[in-house]
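A.B. asks: sequence plus predicted model, see below.
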Amino acid sequence: MNPIIFFAYDLERYQEVRGDFYFKYEDFVPGPIVKTGSELIKKIKSISEWAPTFEKKVKDVQNFAHRYKDGESCQRISKLLGLKLDLKKNKNMSQKWYEL
């Protein structure tokens with residue numbers, strides 16, 4: 001599981017302009033919220049210290065927000081749109097993004 005740092009440097013301004021989120025941002029996001037570049041650097045450098053504390057929250061958010069977790073979303077969307085996605089024709093489409 002990859003840890004996530006939320007760089008919300010403009011959170012207060014965003015909320016002033018756009019209003020509230022559907023969920024309380026600070027309670028919902030599955031990772032630390034940082035607002036400055038120096039905070040971001042500190043969090044990156046200390047990732048091994050805080051990342052394990054967010055593992056359960058990451059899974060909870062994934063289970064809440066993602067119905068499918070099988071890597072077949074492109075296939076489902078193309079089928080919904082009536083398109084035929086030929087993964088053999090384009091080998092990159094069959095690879096995970098981090099394998100490219």
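C.D. replies: Noted; the coordinates are in hand.

A.B. asks: and residue 60, what element?
C.D. replies: When elements are assigned from DSSP states H and E, residue 60 belongs to helix 55-65.

A.B. asks: what's the distance between that helix and the middle of its chain?
C.D. replies: Helix 55-65 sits 10 Å away from the centroid of its parent chain (CA atoms, centre = their mean, to the nearest Å).

A.B. asks: poorly predicted segments of this protein, please.
C.D. replies: Along the chain, the parts satisfying pLDDT under 70 run over 85-100.

A.B. asks: ok, 90 please
C.D. replies: Applying pLDDT under 90 to the chain picks out residues 1-2, 19-21, 62-63, 65-100.

A.B. asks: kindly report the domain assignment for it.
C.D. replies: Residue ranges for the domains of the chain, per automatic domain parsing: 1-66, 68-100.

A.B. asks: show the residue spans covered by the helices in this structure.
C.D. replies: For the chain, the helices defined by DSSP state H occupy 11-18, 25-28, 37-45, 47-50, 55-65, 73-80.

A.B. asks: could you dump the ones you listed to CSV with distance to residue 2?
C.D. replies: Just so you know, the C-beta spots here come from the backbone N, C-alpha and C atoms, and that holds for glycine as well. CSV is the format used below for the helices of the chain (distance: least, CB to CB, whole Å):
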stretch, distance to residue 2
helix 11-18, 22
helix 25-28, 18
helix 37-45, 13
helix 47-50, 10
helix 55-65, 8
helix 73-80, 18
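
A.B. asks: out of these, flag the one nearest residue 3.
C.D. replies: Of all the helices of the chain, it is helix 47-50 that lies closest to residue 3, at 5.8 Å by CB to CB.
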